[in-house]
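[1] Got a predicted structure here, sequence first:
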Amino acid sequence: MHTLQTVGVLAHPFRPATFPLAEEIAAGLRERGLNCWVRTGEAAEQIHDLAPETDLVVAIGGDGAMLRAARLCAPHNVPVLGVNVGRLGFLTEVRSPNRWPQALDAVLAGRYWIEERMMVGYEARRGDQRLCAGDALNDVVIGRGELATTVWLETYIDRGWTTTYAADALIIATATGSTAYALAVGGPILPPELRNILVVPVAPHLTMDRPIVVSEGAVIDVFVAPENRTGVIVAADGVLAATLQVGDRVTVQASAHVSRFVRLRGRTYFYRSLLDRLEPRHPSRQRPRHAGFMENDET
């Protein structure tokens, strides 16, 4: 990335408590001689006119804020630095809101690298009518609506019939999404640099119950089967995209866009960062014991 000139700051649009921090970070950027813009509240979704001239976006919040920022910034190839004020913060890089000055100084000094993560594009159609379309960094989920009942989903990979799932939902995830909803229902953990698509049924009933990993170039089509008697929905990164009817089709494939995240930790950070959040740490596990192996520093 070239020398930073313009930096945007995105507060969490639905958490007013993050607004003062956004202004504080913006003031710190201006003190360091950078141009800066700030978006809070509903305006945090409206950056398309600013993004093409922006070198970096600082996103404040948790993983939801990072997913939102990634979708906004990926079409413009703008990298995102996440400041965590959420709970888990799998995607954020700055673990504590009071650490942002050190993080920004490291970025300005060039002590960072850019991690690229694959996204998926999705489209839902009803005949010739497009119901919705967009990109997702985590996953696209097709599942039941308000009623707790099984949905039937005819699934094709590269136009070849794979199976008809009878399940609560079907998750189509990226490697990034493999540590989200897909992980909670028994899917495998994929490293973030892997460019594959993961297909995972949720609570399948007498149908295929194993996750499937397909190649980056695969196209997945899911039809709402005639057996459905209740509403079916499609959501992208946890946000409702459309309500579906029998015969509707959802197509998911690799997106032309990629998310770009600023990383300050070493390139081997992923597994330690993940396990720190998934398992309790016994004191004896806090330091590597073998010569030539290193501990990943948290930021």
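    Looks like it came in fine.
[2] Next, the buried residues of the lowest-mean-pLDDT helix or strand in the chain.
    Every helix and strand of the chain was ranked by mean pLDDT, DSSP states H and E. The lowest is helix 269-278, at a mean of 84. Of the residues in helix 269-278, those scored as buried under the neighbour-count criterion (16 or more other Cβ atoms under 10 Å) are 269-270, 272-274. Just so you know, the C-beta spots here come from the backbone N, C-alpha and C atoms, and that holds for glycine as well.
[3] now swap in stretch 251-268 and tell me
    Residues of stretch 251-268 classed as buried: 251-255, 257-265 (neighbour count, 16+ other Cβ under 10 Å).
[4] if we can go back for a sec, compile the buried residues of helix 269-278 into CSV and extend it with columns for distance to F14.
    Formatted as CSV, the buried residues of helix 269-278 follow (distance: Cβ to Cβ, whole Å):
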residue, distance to F14
Y269, 28
F270, 28
R272, 31
S273, 26
L274, 26
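[5] Just the closest of the residues you listed to M118, please.
    Within these, the smallest distance to M118 is 14.5 Å, found for F270 (Cβ to Cβ).
[6] any idea how far that closest one lies from L206?
    The gap separating F270 from L206 is 36 Å, by Cβ to Cβ, to the nearest Å.
[7] just F14 next, same as before
    Per Cβ to Cβ, F14 is found 40 Å from L206.
[8] repeat for P13
    From P13 over to L206 the distance is 42 Å, taken as Cβ to Cβ.
[9] Then G64?
    As judged by Cβ to Cβ, G64 and L206 stand 34 Å apart.
[10] higher neighbour count, those two?
    For G64 versus L206, the count of surrounding residues by other Cβ atoms under 10 Å is larger for G64: 19 against 8.
[11] could you dump stretch 51-62 to CSV, C-alpha only?
    What follows is stretch 51-62, C-alpha atoms only, in CSV (Å, rounded to 0.1, in the frame of the first residue of the first chain):
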residue,chain,number,x,y,z
ALA,A,51,-14.0,5.2,-0.7
PRO,A,52,-12.2,5.6,-4.1
GLU,A,53,-10.1,8.4,-2.6
THR,A,54,-9.4,6.6,0.7
ASP,A,55,-6.2,4.7,1.5
LEU,A,56,-7.4,3.0,4.7
VAL,A,57,-10.6,2.6,6.7
VAL,A,58,-10.6,2.2,10.5
ALA,A,59,-13.6,0.2,11.6
ILE,A,60,-14.8,0.3,15.2
GLY,A,61,-16.8,-2.5,16.7
GLY,A,62,-16.7,-6.2,16.7
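[12] low-confidence ranges in the stretch 151-299 of the chain?
    280-289, 294-299 (pLDDT under 70).
[13] For it, which segments count as strands?
    Taking DSSP state E, counting those that start in this stretch as the test, the strands found in the stretch 151-299 of the chain are 151-157, 160-167, 169-173, 197-202, 212-214, 219-224, 232-236, 239-244, 249-263.
[14] can you point me to the longest helix in the protein?
    The single longest helix within the chain, with elements called by DSSP state H, is helix 19-31.
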